[in-house]
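> sequence first, then the predicted structure, then my questions.
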Amino acid sequence: HELMEKVEAGDPLDNELKLESIKKNQEVFGKTSLPANTTARDALKFGIKRERAMMELYDVFSHLISAGAFGELLSYLADEERGHLKKLEELLAQQTSEAK
């Protein structure tokens, strides 16, 4: 969220912040498959982390490219990720209540 705060404030993005953001999301984006023994709950949590990371990146990019069709596309993609995130969180809540 520090990245988004800097973008909204119009502050320049330093290399450390860019590197920190990449490192933070590297675990999420670097993992292409889950272990065979992954539970539905674990898979949903992983999906939520991935959607949240994508949503944040799209939001940051849309603020950086605030004009034109490309900025609009990134805003649209961020909104799509919000929708995916909401559905995954609903599924996780449902999974949690069924497990009780």
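Sure, I can see it.
> pull stretch 91-100 out as CSV, backbone CA atoms only.
Output of stretch 91-100 as CSV, limited to C-alpha atoms (Å, rounded to 0.1, in the frame of the first residue of the first chain):
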residue,chain,number,x,y,z
LEU,A,91,-16.1,-18.9,-1.3
LEU,A,92,-13.6,-18.8,1.6
ALA,A,93,-16.2,-17.7,4.0
GLN,A,94,-18.5,-20.4,2.8
GLN,A,95,-15.8,-23.0,3.0
THR,A,96,-15.0,-21.9,6.6
SER,A,97,-18.6,-22.1,7.7
GLU,A,98,-19.0,-25.6,6.2
ALA,A,99,-15.9,-26.8,8.0
LYS,A,100,-17.4,-25.9,11.4
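> list the buried ones in that stretch?
Within stretch 91-100, the residues that count as buried by 16 or more other CB atoms under 10 Å are 91-92. Just so you know, the C-beta spots here come from the backbone N, C-alpha and C atoms, and that holds for glycine as well.
> need the contact partners of it.
40-41, 44-45, 48 (CB atoms under 8 Å, 6 or more residues apart in numbering).
> which of those are buried?
44-45, 48.
> narrow the residues you listed to those in strands?
In strands, judged by DSSP state E, none of the buried ones among the contacts of stretch 91-100 are found.
> among those, which one lies nearest to Leu77?
Closest to Leu77 out of those is Ile48 (17.1 Å), distances taken as CB to CB.
> dump the residue contacts of that closest one.
Contacts for Ile48 were tallied using CB under 8 Å, 6+ apart; they are 85, 88-89, 92.
> can you give me the helices in this structure?
For the chain, helices defined by DSSP state H occupy the ranges 2-9, 15-30, 40-64, 68-99.
> low-confidence ranges in this structure?
By pLDDT under 70, the low-scoring segments of the chain are 1-32, 66-68, 100.
> for the spatially closest residue to Ala43 that is not a sequence neighbour, give me phi and psi.
Using CB to CB, 6 or more residues apart in numbering and skipping residues adjacent in sequence, the residue nearest Ala43 is Leu34, 5.9 Å away. Per-residue torsions, Leu34: phi -100, psi 150 (degrees, to the nearest 10).
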